[in-house]
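*Asks:* what follows is a predicted structure for the sequence shown.
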Amino acid sequence: MNSTERILPDEMEWLFPEYDFNTIGLITHEGVIIERVLEKGNWEQVRWLFSTYGEKKIADWVQNHGFRLLSKRSFALWALAFVINQIEEKEWIIEAKAFYPW
């Protein structure tokens, strides 16, 4: 892990069962951290996420990756929260979401 990175709060370990939790870095794993907390985190973890990355970075992530990586329900919530009205829906993503509805 890069020495400039911090370790996540211990309460978040359950969000990353397939990772070596002590090696997750805020910079190197930014996308997966944002995705997991927006999808499964509690309000305390969501507040931590916003204080760590800032609203703009999280909104940009939702705009660019949320449709593909979040569940339909979570994406709808965060798109509403960030007033995201238009996204670039690539055809392969739409087809994959239809095939795997979860």
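*Replies:* Cool, got the structure. Numbering: from 1, shown residues only.
*Asks:* just the CA coordinates for the helix or strand containing residue 51, please, in PDB.
*Replies:* Using DSSP states H and E, residue 51 sits in helix 43-53. Provided in PDB are the C-alpha atoms of helix 43-53 (Å, rounded to 0.1, in the frame of the first residue of the first chain):
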ATOM      1  CA  TRP A  43     -25.600   6.000   7.000                       C
ATOM      2  CA  GLU A  44     -22.500   6.400   9.100                       C
ATOM      3  CA  GLN A  45     -20.400   4.800   6.400                       C
ATOM      4  CA  VAL A  46     -22.100   7.000   3.700                       C
ATOM      5  CA  ARG A  47     -21.200  10.100   5.800                       C
ATOM      6  CA  TRP A  48     -17.600   8.900   6.000                       C
ATOM      7  CA  LEU A  49     -17.500   8.400   2.300                       C
ATOM      8  CA  PHE A  50     -18.700  11.900   1.600                       C
ATOM      9  CA  SER A  51     -16.300  13.400   4.100                       C
ATOM     10  CA  THR A  52     -13.400  11.400   2.600                       C
ATOM     11  CA  TYR A  53     -14.000  11.800  -1.100                       C
END
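*Asks:* and that helix, how far from the chain's centre?
*Replies:* 11 Å (CA atoms, centre = their mean, to the nearest Å).
*Asks:* list phi and psi for residue 82.
*Replies:* Backbone torsions of residue 82, given as degrees, to the nearest 10, read phi -100, psi 10.
*Asks:* name the nearest residue to it, ignoring sequence neighbours.
*Replies:* Leaving aside its sequence neighbours, residue 82 sits nearest to residue 59 (CB to CB, 6 or more residues apart in numbering; 4.3 Å). (C-beta placed from N, C-alpha, C; glycine too.)
*Asks:* ok, now residue 37?
*Replies:* Leaving aside its chain neighbours, residue 37 sits nearest to residue 49 (4.5 Å; criterion: CB to CB, 6+ apart).
*Asks:* list the contacts of the helix holding residue 51.
*Replies:* Under the criterion CB atoms under 8 Å, 6 or more residues apart in numbering, residues 9, 11-12, 15, 26, 30, 33-34, 37-38, 41, 58 lie in contact with helix 43-53.
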